[in-house]
Every structure is written in structure tokens, then in C-alpha cells.
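Asks: Build me a model:
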Amino acid sequence: MAFELPALPYSTTALAAAGMCQETLELHHGKHHQAYVTALNGFVEKNPALQGKSLEEIVALSNGKADMAPVFNNAGQHWNHILFWQNMAPTGGKIPAKLEAKLAADFGSVAAFKDAFKAAAIGQFGSGWAWLVLAGDGKLKVAKTPNGSNPLATGEGHALLGCDVWEHSYYLDFRNRRPDYVTNWLDKLANYEFAEAQLGKA
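Replies: Predicted coordinates for the structure are as follows:
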């Protein structure tokens, strides 16, 4: 069964008012994410060891293996983007009560969480991701990963939110101003209700 590009949970125009324009979404979802899916399916087709495996199994199987780096990169990016589209909402930025209390308990305050997340996102050299994860000790933590890696691969925890800091995610809207993109993402785009639901499942 081939992997497929998931439909966006909103229209390509839905995030424009919150700072992500239609062209960004069309290129990012329809071109970049689609390319990861197409490449991953090509690798699976050629490698019987990957056939019948779930996306998570392929990420784990290819992680850390030099000869499987292209498989890992495309599988990781497919996994990352499936989460990323759900991590945004047209009415994002509102933090529900349970998650707010957990953020305050584990970071000291919501502001401290946002500062830590911004530091990770801005401090990730080159392409990569910033994450809010539920760590193994039951506490919320911030992490960052390069390129197509993710908390699934690093074992840093269960991902609740992931912010894409590859330039294609923000260049049309914010040019080279990654800090402005990240601040806007946290304040206006981030789907904290989804993150709270993931926290409940974890």
C-alpha cells in the first residue's frame, strides 16, 4: 500500500489572515510534502525490507544508517508534515486550560515555554524543526532536530507540536525573518487544542 499525501484539514486560503499565505501552503503541501511522499514510495518499491511496514517502522528501521539516509529523510519528513498540518489552525494561538496548566507547571509559565520554543526554533542551524514533546518523565519539554529528523527518531518524547523551520515554510511570508515567523506561529497559527488532545492520548 503506497503512502499518500494527506489532505489539508483546512483550505489553502484559511491560514492567510494568521500569517501563512495561500502560495506558501500550495507549494509546501502540494509540492514539497508531495515530493517526500513520492520519493518514499519509490524507495519502498525497490526495497522488499520496507514493504508492508508502517511509516513509524520505516523511520525506526532507517534511523542512523548511512546507506538508508535518503529513506530516513523522506520518511521523517512525511511523518513531520503529517503532524505539521494538524499543528496549525485558522483560529490558532489559543491555549486551552489543561495544556496551559501543564505548560505553567513544567516551564514556569506559558511565556517561558514560548521563549524556550523560540530559542530552539531560531537556534536550529540550517533546516530543521522545533518541537513540544511529552518526555518519558511525564514533563513537557522543548526539542529541536535537524533536517528530517524528529522526536520519533531521537526518542526525546511524544511530539505534541512541531514547527517547520525550513525556509520553504516561511520565506514567502517572512523572507529571512525566522524569529518573526516563529513568534507568529506560536501566537496565531499553533493548534494548541490538537496538542492538548495529543497530550491526553499520550
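
Asks: thinking residue 147 is in contact with residue 74, fair?
Replies: No - using C-beta atoms under 8 Å, residue 147 is not in contact with residue 74; the gap is 10.9 Å. Where you see a C-beta, it was placed from the backbone N, CA and C, and this is true even at glycine.

Asks: Between the two, tell me which one has more neighbours.
Replies: Neighbour totals were compared for residue 147 and residue 74, and residue 74 leads with 24 against 17 (other C-beta atoms under 10 Å).

Asks: so where does that one fall, helix or strand?
Replies: helix 69-86 (DSSP states H and E).

Asks: What are the buried residues along the helix or strand just after that helix?
Replies: Sequence-wise, the next helix or strand downstream of helix 69-86 (DSSP H and E) is helix 97-107. By neighbour count with 16 or more other C-beta atoms under 10 Å, helix 97-107 contains the buried residues 99, 100, 102, 103, 106, 107.

Asks: What of stretch 5-18?
Replies: Residues 5, 8, 12, 14, 15, 16, 18 are the ones in stretch 5-18 that count as buried (16+ other C-beta under 10 Å).

Asks: ok, the residues you listed vs residue 59, which is closest?
Replies: Of all the buried residues of stretch 5-18, residue 59 sits closest to residue 5, with 17.3 Å by C-beta to C-beta.

Asks: Spit out the contact partners of residue 172.
Replies: Residues near residue 172 by C-beta atoms under 8 Å, 6 or more residues apart in numbering: 21, 23, 24, 27.

Asks: 7 Å instead?
Replies: For residue 172, the contacting residues are 21, 23, 24, taking C-beta atoms under 7 Å, 6 or more residues apart in numbering as the criterion.

Asks: which stretch of helix or strand covers it?
Replies: helix 171-174.

Asks: Contacts only, for residue 56.
Replies: By C-beta under 7 Å, 6+ apart, the contact set of residue 56 is residue 152.

Asks: one more time with 8 Å, if that's ok
Replies: By C-beta under 8 Å, 6+ apart, the neighbours of residue 56 are 79, 152.

Asks: Measure how the one helix or strand it maps to sits relative to helix 69-86, angle-wise.
Replies: Secondary-structure assignment from DSSP H and E places residue 56 in helix 55-62. Counting by axes from the mean of the first three to the mean of the last three C-alpha atoms, to 10 degrees, helix 55-62 lies at 150 degrees to helix 69-86.
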